[in-house]
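Student: Just a sequence and a predicted model for now, questions to come.
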Amino acid sequence: MGVGPDSILIVRADDGEVHAMHNLCRHRGSLICDADCGSVKKLVCPYHRWAYGLDGHLIHAPAMPEDFDKSSHGLRKVAVREVEGLIFVCLDERPMDFSGAAEVFGELARPQGLRQAKVAKAVDYLVKANWKLVWENNRECFHCNSNHPQYIKANFDHYNADDTSPQIRQQIEEAVTRSEARWDQSGLAASHKQTGMTVFPDFDKGIWFSANRTVLVDGYLSETMDGKLVAPLMGSYTDPDVGTLRMRGLPNFWNHSSCDHGVSTRLLPAGPELTAIRVWWLVDAKAVEGRDYELSKLMPFWQLTSEQDWEICERQQKGINSSAYRPGPYSPYKDYNVDAFVRWYLQSIKTP
Amino acid sequence: MGVGPDSILIVRADDGEVHAMHNLCRHRGSLICDADCGSVKKLVCPYHRWAYGLDGHLIHAPAMPEDFDKSSHGLRKVAVREVEGLIFVCLDERPMDFSGAAEVFGELARPQGLRQAKVAKAVDYLVKANWKLVWENNRECFHCNSNHPQYIKANFDHYNADDTSPQIRQQIEEAVTRSEARWDQSGLAASHKQTGMTVFPDFDKGIWFSANRTVLVDGYLSETMDGKLVAPLMGSYTDPDVGTLRMRGLPNFWNHSSCDHGVSTRLLPAGPELTAIRVWWLVDAKAVEGRDYELSKLMPFWQLTSEQDWEICERQQKGINSSAYRPGPYSPYKDYNVDAFVRWYLQSIKTP
Amino acid sequence: MGVGPDSILIVRADDGEVHAMHNLCRHRGSLICDADCGSVKKLVCPYHRWAYGLDGHLIHAPAMPEDFDKSSHGLRKVAVREVEGLIFVCLDERPMDFSGAAEVFGELARPQGLRQAKVAKAVDYLVKANWKLVWENNRECFHCNSNHPQYIKANFDHYNADDTSPQIRQQIEEAVTRSEARWDQSGLAASHKQTGMTVFPDFDKGIWFSANRTVLVDGYLSETMDGKLVAPLMGSYTDPDVGTLRMRGLPNFWNHSSCDHGVSTRLLPAGPELTAIRVWWLVDAKAVEGRDYELSKLMPFWQLTSEQDWEICERQQKGINSSAYRPGPYSPYKDYNVDAFVRWYLQSIKTP
């Protein structure tokens, strides 16, 4: 995995443990591994054959003196934590704390079965916008009505808004009450109750993650073009009426999961005005393409929504580049999550 | 119109007035308009539907509090002045004074009829040279003999030079005397008398513009490959013997007009070693392609001359990039206008 | 020849002398010559026709005053020295001393006949690595066993190593003794004895060059895929058993020559992470392609070896770009020439 100039090796060792290491030899600095993925017994640098174990310890360093200390020349480690099939890494030498995220995501992701999921499709995008614009775009649905026709059919996009009509508010409340009653019975209660338990993000408390389960509109069982299922139920779900699971982790991850499929999005800064984005469509590991799912039905809902957002972000970047740009006023009813992100970001770059 | 990172909206409102505004929303900074040109009733930001009038005032800002002050959130204005169909803009918050240019260009451009002109063709160039080299190249014809075979057939390219033979000087003087006598009669006198009235450029006096009418060689009625007309007479001209009208405005505009067509050139810096140049061929608005003019006859004279110049500038940029480059001596007889430009430029970047 | 932003004219004048000059006019800085190579009587700037002699002196400067001093406006000179057909240039205003290199290369290159050689083929590469990585790669054969299968068949690649088996050491010594005895008789003695006479590089003593003749393995008469000759003997050689001649000059040149062909490599920095490399295959000037040599047999040995090295260097550059890169330990047995280069480089950039 490349993060700016850094190349990170993520390896599952024979004992199942996940290790993350910088992908460069401690001898002359060569990249060790060129491949995107694969399987090896050890990690051997192709330049001069220094050899490392799957956990990064130095096994063999040719032509070094007898007294050379191999133990201090293993691959440089990167902080890593696996949570229900999601792997989080942090390159900072003083990495953020993963334990809160492990708790929150762990509980919600468990019934979704991401550990037993497989990648049905991954699509890479290079979006000409700073990653913060992409994140801000994700943090409000103020733009959804004008820009995401397929999305607003499935979602109460005015949810959390205070300016909707009493009629819509009533519809939402009824749907929420009905769904939450079912989830209480089916054991998904803990999950949906995460909602609102934490303020997100909260720099001082180390809360860079949040998750919640929310309802879809009547007639929609999955975030698909027509609301119908497009793959077998995932994880431990037995009833499709699980709403939609939303997980997000600053600064660069979100997952939107329905009962039958999940969609993960990862942002990587690729320049001041460039973001490398990968979107993965996940289905149950046992599902077979052509028999259990078709990409043409699985993908459009989030592919369209994603690409509409990338276009918005590129247009915004062009505007913001202007010498005439000055930050404008946020809507207190619609932009508050953008505002909260900006405050978190400012704190995170100020703190030494 | 893009000027470096800035995108400028130039709008003719219903009352005919021209407005220039920065093309970015005051809410979240998105570009408002993607299109190169078109016609709309109001300017609506596609991100969250903030709506502005054609003069830039804010009409509607959704989801803002009751007490939000719309009057202070209109599109940011750019200084603009229309002069006989030519539109000048200045992005500086303390813009240059347009009134002198309006006076000088106005009088000369009026008989040329640029207000009633249409664009027959526009060609975009991306020239690998700093814009100042392109401007300097335009300010001397010392290079014309070696580089512009078609241009020197039509022009006394040694005009203003002091090293030409007595025979050529006499030819020029006769042509000038003859033409000016006719122009005095036909009402173009004021125009040609602009010549020499101002020193150009003069930073202290705010003179960034100049214009003059000059003679073509015998047998040339238009700046075309063979000197013959290639389109109907423009504006209020009734006689083709109007010489050639030259207008120039620092830092990035010039127009060369014959009796039947005009050619405007605009430079936009696109990087330290890159200039985006657009050249427009203008004819009378009523002229019909195929019937009244053919691009294959209208364009070659200035297209060849322009492209020869771009090649010169790119070659000069490569030389100037060298670590061995030191500014050389100017010819006092041929490079004096280059010298004057350099002095103007140095003053203009020094003055706070 | 382009060196970063600098373009250098290398001209052989009518008297046979080689001149090197900056390729830009002293008037307005234009590049004078666009062509890669060719033949002219004088050097004329295409912008305004300033004309220079082949040694760079200014012949004609149009439109300059009577008292203009032409003698101080010749093309700016670059230090140059021709040594047996090899041309060395130095752009520094205080250029390095060429005399030691002339002595060492001169003696070794004379029998090789590079003055009477011709270019059979030149290949250009743009390698995504800093030039120092390419140089370091050239200074050790620690990587050869893993990366250059064709090279190690022809060479005692463990030569100079102290960790080879007694058996291999004995083989090498026998081959060396046998060859050197023959070379003593054939007059190549002086050449091979250069080996070890100087420590290379030595910044304080101005030693930026080294050369030596070394043995090939039994059965290899030339550095080719099968060890057989691929072209007629070069220079004054009468016996193919001349081993291989190795010349190198910091910071950017090496030549590997067999009895029948030579291969020169030149590095030019093209960016912090980019090196423009040209590799030339040289044969006797009288050799005719198709009759005396085939490119398909002449080229593969060094083409493969070169391209394998470029791939190594690009992979190393990617690793070194990492924020986690720290210089690692050198092998005292294998990396010592890399270490010596790094020390030379540090001294050369420190010294004012």
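Tutor: Nice, I can see it.

Student: can we go C-alpha only for contacts and neighbour counts from here?
Tutor: OK.

Student: Excluding chain neighbours, what is closest to whatever residue of the stretch 51-200 of chain A ends up closest to chain C?
Tutor: Closest to chain C within the stretch 51-200 of chain A is residue A:64: 5.2 Å, counting by C-alpha to the nearest C-alpha. Residue nearest to residue A:64 in three dimensions, not counting chain neighbours: residue C:331, with 5.2 Å by C-alpha to C-alpha, 6 or more residues apart in numbering or on different chains.

Student: OK, contacts around that neighbour?
Tutor: Residues near residue C:331 by C-alpha atoms under 8 Å, 6 or more residues apart in numbering or on different chains: A:63, A:64, A:65.

Student: Now rank those by neighbours and give me the top one.
Tutor: residue A:63 (19 neighbours; other C-alpha atoms under 10 Å in any protein chain shown).

Student: Okay, now the unreliable bits of chain A?
Tutor: Judged by pLDDT under 70, chain A has its weakly predicted residues at A:157-164, A:189-198, A:351-352.

Student: what's near enough to touch the residue of it found nearest chain B?
Tutor: Per C-alpha to the nearest C-alpha, residue A:316 is where chain A lies closest to chain B, at 3.6 Å. Each residue near residue A:316 by C-alpha under 8 Å, 6+ apart is listed here: A:129, A:133, B:28, B:29, B:30, B:31.

Student: Now do the strands in the stretch 151-300 of chain A.
Tutor: Along the stretch 151-300 of chain A, counting by DSSP state E, counting those that start in this stretch, strands occupy A:209-214, A:244-249, A:253-257, A:262-271, A:274-284.

Student: With secondary structure, neighbour count and distance to residue B:92 added, can I get the contacts of residue A:316 in JSON lines?
Tutor: Formatted as JSON lines, the contacts of residue A:316 follow (DSSP: H, G, I helix; E, B strand; the rest coil; neighbours: other C-alpha atoms under 10 Å in any protein chain shown; distance: C-alpha to C-alpha, whole Å):
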{"residue": "A:129", "secondary structure": "coil", "neighbour count": "26", "distance to residue B:92": "27"}
{"residue": "A:133", "secondary structure": "helix", "neighbour count": "21", "distance to residue B:92": "28"}
{"residue": "B:28", "secondary structure": "coil", "neighbour count": "23", "distance to residue B:92": "23"}
{"residue": "B:29", "secondary structure": "coil", "neighbour count": "24", "distance to residue B:92": "20"}
{"residue": "B:30", "secondary structure": "coil", "neighbour count": "25", "distance to residue B:92": "21"}
{"residue": "B:31", "secondary structure": "strand", "neighbour count": "26", "distance to residue B:92": "20"}
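
Student: Now name the helix or strand holding the residue nearest to residue A:64.
Tutor: Per DSSP states H and E: residue C:331 is located in neither a helix nor a strand.

Student: Same check on the one 3 residues further on?
Tutor: According to DSSP H and E, residue C:334 maps onto no helix or strand at all.

Student: Which residue, neighbours along the chain excluded, lies closest to it?
Tutor: Distance criterion C-alpha to C-alpha, 6+ apart; nearest residue to residue C:334, sequence neighbours excluded, is residue C:142 at 5.8 Å.

Student: now that neighbour: how far from residue C:156?
Tutor: 12 Å (C-alpha to C-alpha, to the nearest Å).

Student: next one: residue A:325
Tutor: Computed with C-alpha to C-alpha, the distance linking residue A:325 and residue C:156 is 66 Å.

Student: what do you get for residue A:218?
Tutor: Applying C-alpha to C-alpha to residue A:218 and residue C:156 gives a distance of 78 Å.

Student: What of residue A:60?
Tutor: For residue A:60, the distance to residue C:156 equals 24 Å [C-alpha to C-alpha].

Student: Name the residue in those two with the higher neighbour count.
Tutor: When neighbours are counted by other C-alpha under 10 Å, residue C:156 comes out ahead of the other of residue A:60 and residue C:156, with 21 against 14.

Student: for the more buried one, what are its contacts?
Tutor: C:172, C:215, C:216, C:217.

Student: please redo it, this time with the cut-off set to 7 Å
Tutor: Contacts were defined as C-alpha atoms under 7 Å, 6 or more residues apart in numbering or on different chains; by that measure residue C:156 touches C:216, C:217.

Student: Excluding sequence neighbours, find me the nearest residue to residue A:101.
Tutor: Among residues not flanking residue A:101 along the chain, residue A:209 sits closest, at 5.9 Å (C-alpha to C-alpha, 6+ apart).

Student: Number of residues surrounding that neighbour?
Tutor: For residue A:209, the count of nearby residues is 23 (other C-alpha under 10 Å).

Student: what does residue A:48 give?
Tutor: 21.

Student: measure it to residue C:127 for me?
Tutor: For residue A:48, the distance to residue C:127 equals 20 Å [C-alpha to C-alpha].

Student: again, but for residue A:273
Tutor: Noted for residue A:273: a distance of 26 Å to residue C:127, by C-alpha to C-alpha.
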